[in-house]
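**Student:** Curious how this folds, go ahead:
(one chain, ligands or ions: 1)
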Amino acid sequence: MKLFDAFSQKAPNKVFFSIVLGALAGVCYAFLIPTVLDSLAPDPGRYATAGSSVETIAGVEVAHYRLAAVFLLTCAFILFARSFSQIMLLRVSMDVATSLRIRIYHRIASAPIVQLERMGSPKLIAALTTDVARIVMGARMLPDLLISIVTLVGMLGFLLYMNAAVFWFVMGAIVFGVVSYQIPMYFGNRYFVRSRHVADDLQESIRALIYGAKELKLNQNKRASFFDELLIEHERKILQYDKRGFTIVRAAMNYGDLISFFVIGAVTFVFVNYHSVSSTELLGVIMALLYVTGPVTSILNFIPQVIVARVSLNKVTQILDELPEEEAEQHPVLDFDWQSIVFKDVCYQHPHAGEGSGFQVGPVSLELERGQVTFIVGGNGSGKSTLSKLMTLHYLPQSGSIRFGDVEVDPRTLVSCRQQIGAIFTDYYLFDRLLGLGGAQVQERVMGYLSALQLDHKVTIKDGRFSTLALSDGQKKRLALLVSLLEDKSLYLFDEWAADQDPVFKQVFYQTLLPELRARNKAVVVISHDDRYFDVADKVLVMEDGRLARVELVSGATRTKAALAGSVSAAA
Ligand SMILES: Nc1ncnc2c1ncn2[C@@H]1O[C@H](COP(=O)(O)OP(=O)(O)OP(=O)(O)O)[C@@H](O)[C@H]1O
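**Tutor:** Presented below is the predicted three-dimensional model:
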């Protein structure tokens, strides 16, 4: 993705039109100096009809009034063309910024969970907040750049017309100036790239500062160490790189500013000694060179902005590359019924974190049936959550297969199968409103659930929005359960849902809600360490070191808590 492509793809006609107007403004700029010079020393061959007579217009004496009229009209056109070109590109740039962000939003939403977990939120937030703005800032300068380039080209044409020898001398000086200008710019750019890399680490530290505020307050040493070694260190590095980068770039820009004056000096004091140049030509050359000082400066000033924008563009491109779209039909294509989910030799290996190969779950073969409650138990790190993410199709098997009834999970059916599932993970997110649920009955059902979950004295719902989310951890989780139940899925998975519920509500969850879901013919999977409630299950899957060690079938006679508690301690 190139900087300019990002713009031209968005609104090609508008971009083209603003470029044409910018170019025309540049042509007119280049036209102003010859016009003024003409009025000072009229060439009888050109503007022959302009004459040198003085006319009185609206009480004001105007010399070379036709030339003055051309001058005025040119100025007016420049005002119009330049403003129009800039405003149009400004508006396109706003559209581009928004659509670039929306593109990243969509990519995040359709990326596999594994990739999102690997990338982490700080990188994505930095891309959305910093990089998109920098890209747009860079591209927004395009009309000015264009005006400057065309003005410069026009003035060089004028120099060629005045004196070919001077033209070639000036061309040589400009080429030398621009090439020598690139060298410090290259080094400046390297510092900007380094600074941008550290910006990701800074985002991570800022996240830690906010989310770890409680821990930092309770330990001064930890806090000092966090500030010195992470947060301030990242700030210091960014400052250092940016200072070095901008120092080099600024010095180079000042050098660039003076290029025109070096050339004027060289022409006035040296060049005239070796070539015949009339004083009229010299005056024209100097005026033209003074005039292009502005455009040359603005072309050179544009370069650092483009460098920064390109660094950001590379970062966004890299993120989009690292965040592939999931290979799946993105819209549900099937509406189907199923009685059981069958895992056959399913294997999943985490990407390696640190040393050694990643943790592997499987091969696992099992069956989840509707109208049954299945518990997954096992020690910490035995693979329960990984298995649960395979069940909810957030992780996809690297080998083996999963079937929902007759439907095999594959890229075509994946999204359809996911629509059958409701889950509350330990790191669940609670939206402040009901999304994708509408209708008058919903309000009634919400009120019923609020009362069943003992939240009716705390939360109400208005226009599909919860009155508050300022709740205790346990209450928030109940609200998440409410949303999940409203969505009325066929498979429910609760990852240690009851861990932060009080004993009374734990009992409600295990002994009332789960049996109710079973009675409503839902397949229910519960990850739990609450061994006193294992007898609620129909089936207990015991995980050990990534493998399904055994499946305990719990029927009326065999549902003994002791037996299951024993199997769990063995698994742990
Ligand atoms: N995102 C990840 N990237 C890499 N490896 C991971 C990731 N998540 C988990 N693992 C690895 O998988 C192993 C099993 O983790 P998992 O969360 O499935 O265990 P668990 O049984 O749910 O543990 P707990 O009871 O503590 O929640 C971990 O020990 C870890 O090595």
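
**Student:** Give me the residue ranges of this structure where confidence is low.
**Tutor:** Counting by pLDDT under 70, the chain shows low-confidence ranges at 1-11, 40-53, 142-143, 333, 353-355, 555-572.

**Student:** Just list the residues touching the residue positioned nearest the centre of it, thanks.
**Tutor:** When Cα atoms, centre = their mean is applied to the chain, the residue found nearest the centroid is L128 (3.1 Å). Residues near L128 by Cβ atoms under 8 Å, 6 or more residues apart in numbering: R101, I104. The way it works is simple: take the backbone N, C-alpha and C, and place the C-beta from them, glycine included.

**Student:** Can you classify it as helix, strand or coil?
**Tutor:** Following DSSP: H, G, I helix; E, B strand; the rest coil, L128 is assigned to helix.

**Student:** What is the neighbour count of D456?
**Tutor:** A count of nearby residues for D456, using other Cβ atoms under 10 Å, gives 14.

**Student:** how much space between it and the ligand?
**Tutor:** According to Cβ to the nearest ligand atom, to the nearest Å, D456 stands 32 Å off from the ligand.

**Student:** interface residues of the stretch 101-250 of the chain facing the ligand?
**Tutor:** Listed as neighbours of the ligand in the stretch 101-250 of the chain under the rule Cβ under 6 Å from any ligand atom: E117.

**Student:** how does it look with 8 Å?
**Tutor:** V114, E117, R118 (Cβ under 8 Å from any ligand atom).

**Student:** Mind checking which of the residues you listed land in strands?
**Tutor:** Using DSSP state E, no member of these falls within strands.

**Student:** Buried ones among these?
**Tutor:** For those, a burial check counting by 16 or more other Cβ atoms under 10 Å picks out V114.

**Student:** just the residues of the stretch 101-250 of the chain next to the ligand now: which is nearest the ligand?
**Tutor:** Relative to the ligand, the closest of these is E117; by Cβ to the nearest ligand atom it sits at 4.7 Å.

**Student:** now that closest one: how far from I206?
**Tutor:** Look at E117 and I206: by Cβ to Cβ, to the nearest Å, they are 20 Å apart.

**Student:** where does the stretch 451-572 of the chain come near the ligand, residue by residue?
**Tutor:** Contact residues, the stretch 451-572 of the chain versus the ligand (Cβ under 8 Å from any ligand atom): D495, E496, I527, H529, M543, G546.

**Student:** any idea whether the fourth one is helix, strand or coil?
**Tutor:** Put simply, H529 is coil when judged by three-state DSSP.

**Student:** Report how many residues lie close to it.
**Tutor:** Residues contacting H529 under the criterion other Cβ under 10 Å number 14.

**Student:** Strands of the stretch 201-350 of the chain, start to end?
**Tutor:** All strands of the stretch 201-350 of the chain, identified by DSSP state E, counting those that start in this stretch, fall at 340-349.

**Student:** can you check the stretch 51-200 of the chain too?
**Tutor:** For the stretch 51-200 of the chain, applying DSSP E, counting those that start in this stretch gives strands covering 54-57, 60-63.

**Student:** Where do the domain boundaries of the protein fall?
**Tutor:** For the chain, automatic domain parsing gives the domain ranges 3-322, 340-571.

**Student:** Indicate which one of the ones you listed is closest to A328.
**Tutor:** Nearest of those to A328, taken as Cβ to Cβ: domain 340-571 at 4.2 Å.

**Student:** residues in contact with P332?
**Tutor:** So P332 contacts V415, S416, Q419 (Cβ under 8 Å, 6+ apart).

**Student:** Which of those are buried? Put it as a PyMOL command.
**Tutor:** Filtering these down to the buried ones (16+ other Cβ under 10 Å) takes a single PyMOL command:
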select buried, resi 415+416
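
**Student:** Secondary structure and distance to A63 for the contacts of P332 - can I get that in TSV?
**Tutor:** Shown next, in TSV, are the contacts of P332 (DSSP: H, G, I helix; E, B strand; the rest coil; distance: Cβ to Cβ, whole Å):
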residue	secondary structure	distance to A63
V415	helix	77
S416	helix	81
Q419	coil	80
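
**Student:** Close to the ligand as well: tell me which of the contacts of P332 qualify.
**Tutor:** Answer for these near the ligand: none qualify (Cβ under 8 Å from any ligand atom).

**Student:** Looking at the contacts of P332, spot the one nearest the ligand.
**Tutor:** Taking Cβ to the nearest ligand atom as the measure, the ligand lies nearest V415 of these, at 22.2 Å.

**Student:** Could I get the contacting residues of the closest one?
**Tutor:** When contacts are counted by Cβ under 8 Å, 6+ apart, V415 touches A328, E329, Q330, H331, P332, V333.

**Student:** if you set the cut-off to 7 Å instead, what comes out?
**Tutor:** Going by Cβ atoms under 7 Å, 6 or more residues apart in numbering, V415 touches A328, E329, Q330, H331, P332.

**Student:** Also F404?
**Tutor:** Residues in contact with F404 (Cβ under 7 Å, 6+ apart) are W338, I341, C417, Q420.

**Student:** how near is the second one to F404?
**Tutor:** By that I understand I341. According to Cβ to Cβ, I341 and F404 sit 5 Å apart.

**Student:** Grab the nearest non-local neighbour of S340.
**Tutor:** Excluding the flanking residues, the one nearest S340 by Cβ to Cβ, 6 or more residues apart in numbering is E369, at 4.5 Å.

**Student:** Assess the claim that the one you found and V525 are in contact.
**Tutor:** No - contact criterion Cβ atoms under 7 Å: E369 and V525 do not qualify, at 10.9 Å.
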